[in-house]
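**Student:** With the sequence up front, the predicted model follows.
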Amino acid sequence: MPAKPITGAIAGDAEEVPRVLSAFRSALATPDLRKKILFTLLIVTVYRIGAVIPAPGVSYTNVQACQAQGSDDQGIYSLLNLFSGGALLQLSIFSTGIMPYITASIIVQLLTVVIPRFEELKKEGQSGQNKLTQYTRYLTIALAILQATGVVALADRKQLFPNCDKAILPDNSVYAMAIVVVAMTAGTAVMMWLGELITERGVGNGMSVLIFLNIAARIPGEGALILSNKGGLVFALICVFGLVIIASVIFVEQGQRRIPVQYAKRMIGRRMYGGTSTYLPIKVNQAGVIPVIFASSLLYLPDLIGKLVGGADGGNSWWQRFLQTYLVNQSSWVHILLYVALIIFFTYFYITITFNVDERAEEMKKFGGFIPGIRPGRPTAEYLSFVLGRITLPGSIYLGLIAILPNFFLSVTGGGQNQNFPFGGTAVLIMVGVGLDTVKQIESQLMQRNYEGFLR
């Protein structure tokens with residue numbers, strides 16, 4: 001069968017701007033939708049206030065002084081600091097960020113393939129999903145305790161800010177540090193609750209909205225740093241280039257391969273069902289941002305473990321020097337090539353786990369569906385596997401290219417290893433994905449009231 005072309009769409013063309021503004025006005029003019037939007041803004045405000053409140057036992061003055069001095073050794077904390085919206089290096093009550101919940105969700109999702117009990121719960125519907133959500137919450141708290149303990153240990157050893165000799169934790173007794181760990185863990189639990197409130201009563205997926213907010217909160221600071229270091233011309237060029245990147249990411253994120261599916265007619269009682277034609281969409285980026293998170297975490301994990309177990313002299317060992325030169329240094333070609341290779345590997349791995357072609361083929365056969373020219377059952381599964389493998393390759397390469405954009409622009413933006421290019425890597429992938437999902441949710445509610453939506 002000849003391959004069908006990949007199709008895509010870009011939201012936000014110049015002609016669509018008046019329609020988008022009209023749709024926003026319509027959303028705010030709808031009473032129930034306006035309440036959801038205002039409730040979401042209220043929760044977002046509460047969350048941002050908590051992100052700047054220091055944890056008990058942390059010297060806020062010393063933390064600000066250490067941040068003002070700066071450091072080129074924060075590469076291993078860049079991912080965690082990104083998802084916490086800068087709260088990690090401020091040691092606030094929300095320092096652990098959303099990362100424990102993201103990690104717990106990924107682990108539970110992967111365990112559904114390994115543990116039969118989890119697979120049974122997944123097939124039970126809403127009740128089983130509620131049970132899996134409960135397991136995710138428990139695992140999130142456990143991971144938050146581990147992460148908070150690691151952050152406190154690094155702060156006590158003065159490794160969060162290696163160039164600063166001020167005491168971030170004036171009282172380094174076991175009891176005082178345990179209080180800080182408990183406060184940060186409680187902050188993670190509060191963030192889960194706020195995210196669930198947004199999902200139930202607000203607009204969009206709560207956790208995704210909080211992640212979007214954390215990343216967006218860092219863009220003004222990154223832009224101001226580029227403006228002060230490189231001037232207005234470079235800042236304007238980077239803004240234009242950033243818009244091109246965002247438009248390209250939107251195009252690819254919307255791109256999908258549509259496999260036609262035909263359903264045969266069936267008589268059930270006195271009524272006839274089926275006989276319709278539809279399609280099975282397979283996105284170019286089927287894995288989302290998960291491979292980038294996996295690859296980033298795996299690259300920085302050896303150095304983080306070395307800092308935790310190596311003590312004060314861990315940074316002077318040959319192993320630490322090797323890691324700093326080839327893995328942690330984002331400008332190193334070893335780091336870049338290994339990063340891209342890990343992203344490609346985890347893309348195939350994650351899609352293989354989450355998109356079960358045998359189950360899809362069995363579901364289609366059960367309901368009388370078939371792909372024209374392909375026999376139901378095993379041939380259908382083989383065809384889906386072939387198409388999925390072929391479309392995953394450009395999707396994984398696309399993820400790798402977007403992820404390494406900050407590595408190429410470190411010298412342009414005037415930053416060290418801890419400097420993130422504001423329109424590349426994990427940030428733009430998450431922002432575009434969450435933005436599109438939220439807009440589509442608002443659009444679906446507007447279309448129920450006969451309003452024009454955002455996307456065409």
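**Tutor:** On my side now, so go ahead.

**Student:** From now on I want contacts and neighbour counts done on CA atoms only, so please keep to that.
**Tutor:** Fine.

**Student:** Need phi/psi at Thr96.
**Tutor:** phi -70, psi -20 (degrees, to the nearest 10).

**Student:** Thought Val190 was touching it, still the case?
**Tutor:** No: when contacts are counted by C-alpha atoms under 8 Å, Thr96 is not listed as touching Val190 (11.4 Å).

**Student:** more crowded one of the two?
**Tutor:** Thr96 (31 against 16; other C-alpha atoms under 10 Å).

**Student:** how much space is there between that one and Leu446?
**Tutor:** From Thr96 over to Leu446 the distance is 36 Å, taken as C-alpha to C-alpha, to the nearest Å.

**Student:** and what of Ile344?
**Tutor:** 38 Å.

**Student:** These two: who's more crowded?
**Tutor:** Taking neighbours as other C-alpha under 10 Å, Ile344 and Leu446 compare with Ile344 leading, 23 against 20.

**Student:** Contacts only, for the more buried one.
**Tutor:** Contacts here follow C-alpha atoms under 8 Å, 6 or more residues apart in numbering; on that basis Ile344 touches 291, 393, 396-397, 399-400.

**Student:** what about the strands in the stretch 151-300 of the chain?
**Tutor:** Assigned by DSSP state E, counting those that start in this stretch, the stretch 151-300 of the chain shows strands spanning 256-263, 266-268, 271-273, 277-283.

**Student:** List the residues that contact the closest residue in space to Arg360 that isn't next to it in sequence.
**Tutor:** Counting by C-alpha to C-alpha, 6 or more residues apart in numbering, Arg360 lies nearest to Ala381, which is 7.4 Å off, once chain neighbours are set aside. The contact partners of Ala381, by C-alpha under 8 Å, 6+ apart, come to 357-358, 360-361.

**Student:** Can I get these in a markdown table including secondary structure?
**Tutor:** Converted to a markdown table, the contacts of Ala381 look like this (DSSP: H, G, I helix; E, B strand; the rest coil):
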| residue | secondary structure |
| --- | --- |
| Val357 | helix |
| Asp358 | helix |
| Arg360 | helix |
| Ala361 | helix |
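
**Student:** top of those residues by neighbour count?
**Tutor:** Ala361 (22 neighbours).

**Student:** How much space separates that residue from Gln262?
**Tutor:** 13 Å.

**Student:** pLDDT value on the residue nearest to Arg360, please?
**Tutor:** The per-residue pLDDT reported for Ala381 equals 89.

**Student:** what's around Pro116, how many residues?
**Tutor:** Counted with other C-alpha under 10 Å, residues neighbouring Pro116 total 11.

**Student:** Sorry, wrong one. I was asking about Gly395.
**Tutor:** Gly395: 23 neighbours (other C-alpha under 10 Å).

**Student:** Test my guess that it contacts Asn285.
**Tutor:** Yes: between Gly395 and Asn285 a contact is recorded at 4.9 Å, counting by C-alpha under 8 Å.

**Student:** can you tell me the helix or strand for the spatially closest residue to Leu327 that is not a sequence neighbour?
**Tutor:** Counting by C-alpha to C-alpha, 6+ apart, Leu327 lies nearest to His335, which is 4.9 Å off, once chain neighbours are set aside. Assigning secondary structure by DSSP states H and E places His335 in helix 333-354.

**Student:** average pLDDT for that helix?
**Tutor:** 87.

**Student:** That helix: which residues count as buried?
**Tutor:** Residues of helix 333-354 classed as buried by neighbour count (16 or more other C-alpha atoms under 10 Å): 335-336, 338-344, 346-348, 350-351.

**Student:** Low-confidence regions, the stretch 51-200 of the chain specifically.
**Tutor:** Residues of the stretch 51-200 of the chain meeting the criterion pLDDT under 70: 69-83, 85-86.

**Student:** Helices of that one, start to end?
**Tutor:** Using DSSP state H, counting those that start in this stretch, the helices of the stretch 51-200 of the chain run over residues 60-69, 78-83, 99-114, 116-123, 126-156, 174-201.

**Student:** Could you say which of those is packed most deeply?
**Tutor:** Comparing these by mean neighbour count (mean count of other C-alpha atoms under 10 Å), helix 78-83 comes out on top with a mean of 22.

**Student:** hang on, the earlier thing: could you dump the helices of the stretch 51-200 of the chain to TSV with distance to Pro302?
**Tutor:** Formatted as TSV, the helices of the stretch 51-200 of the chain follow (distance: least, C-alpha to C-alpha, whole Å):
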stretch	distance to Pro302
helix 60-69	24
helix 78-83	14
helix 99-114	18
helix 116-123	31
helix 126-156	14
helix 174-201	23
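
**Student:** Which one of the ones you listed lies nearest to Arg25?
**Tutor:** helix 174-201 (20.2 Å; C-alpha to C-alpha).

**Student:** Return the list of helices and strands in contact with the closest one.
**Tutor:** helix 31-51, helix 126-156, helix 206-230 (3 or more C-alpha pairs under 8 Å, 6 or more residues apart in numbering; DSSP states H and E).

**Student:** would you turn those helices into JSON lines with distance to Asn62?
**Tutor:** Shown next, in JSON lines, are the helices and strands packed on helix 174-201 (distance: least, C-alpha to C-alpha, whole Å):
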{"stretch": "helix 31-51", "distance to Asn62": "17"}
{"stretch": "helix 126-156", "distance to Asn62": "11"}
{"stretch": "helix 206-230", "distance to Asn62": "20"}
